[in-house]
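A.B. asks: Got a predicted model here, sequence first, then my questions.
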Amino acid sequence: MRKIYAVLVSVLIVSLALAGNPKKYGKEITKKEVTKISDILANPEEFDGKRVLVEGAVVDVCAMRGCWIKLASDKEFETIRFKVEDGVIIFPMDAKGKDARAEGVVSVRTQTVDQQIKQGEEHAKEEGKTFDPSTVKGPKTIIQINGEGAVIE
């Protein structure tokens, strides 16, 4: 009985120790100054093509390939997609709910109706949801961070 108790305590200690360790993905983070996600979303043209470091809670993860995470902004109901090259970095589903620091280059582009429908169908498939093409009303500005490296705690 003592051996079982000792093993359980050891497993608990190791689990707790590992739970607090940050997990690194991709390249090392080099930026020191954090840019607010809300600033990027409010002034996307100012940040287009610029390398940024952002922080936020992971609110969603690509269920199909782990190729993106959505980070919560410092303002309520705002998120930004942090997209990495397929297969280069794979974010685990258990990253959801954890805090992340992520570095990459801001991308701002306008999508046509057809491009939005195609992307909407792809995202719905990735997220296991349905997509209604009639919700697309016109061209749309897409703001995301092309990710290079992240640390999730």
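C.D. replies: In hand now; what should we look at?
A.B. asks: Buried residues of stretch 84-96, list them for me.
C.D. replies: Across stretch 84-96, burial judged by 16 or more other CB atoms under 10 Å covers 84, 89, 91, 95. C-beta coordinates here come from the backbone N, C-alpha and C atoms, glycine included.
A.B. asks: Ends of that stretch, what's the gap?
C.D. replies: Its start and end residues considered, stretch 84-96 measures 16 Å (CA to CA, to the nearest Å).
A.B. asks: pLDDT averaged over it - what is it?
C.D. replies: Across stretch 84-96, pLDDT averages out at 93.
A.B. asks: Give me the contact list for that stretch.
C.D. replies: Residues from elsewhere that reach stretch 84-96 (CB atoms under 8 Å, 6 or more residues apart in numbering): 25-26, 58-63, 65-69, 104, 146-148, 150, 152.
A.B. asks: where's that stretch relative to the chain centroid, distance-wise?
C.D. replies: On the basis of CA atoms, centre = their mean, to the nearest Å, stretch 84-96 is displaced by 8 Å from the centre of the chain it belongs to.
A.B. asks: do the same with stretch 46-60
C.D. replies: 9 Å.
A.B. asks: Residue numbering should commence at 647 henceforth.
C.D. replies: With the count now opening at 647, the last piece we talked about shows up as stretch 692-706.
A.B. asks: Any buried residues in it, and which?
C.D. replies: Per 16+ other CB under 10 Å, stretch 692-706 contains these buried residues: 693, 698, 699, 700, 701, 702, 704, 706.
A.B. asks: Let's have those in CSV, adding secondary structure, distance to residue 763 and pLDDT.
C.D. replies: Converted to CSV, those look like this (DSSP: H, G, I helix; E, B strand; the rest coil; distance: CB to CB, whole Å; pLDDT from 0 to 100):
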residue, secondary structure, distance to residue 763, pLDDT
693, helix, 27, 98
698, strand, 29, 98
699, strand, 33, 98
700, strand, 28, 98
701, strand, 33, 98
702, strand, 28, 98
704, strand, 27, 98
706, strand, 21, 95
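A.B. asks: Now distance to residue 770 too, for the residues you listed, in CSV please.
C.D. replies: Below are these laid out as CSV (distance: CB to CB, whole Å):
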residue, distance to residue 770
693, 28
698, 28
699, 30
700, 25
701, 28
702, 23
704, 20
706, 13
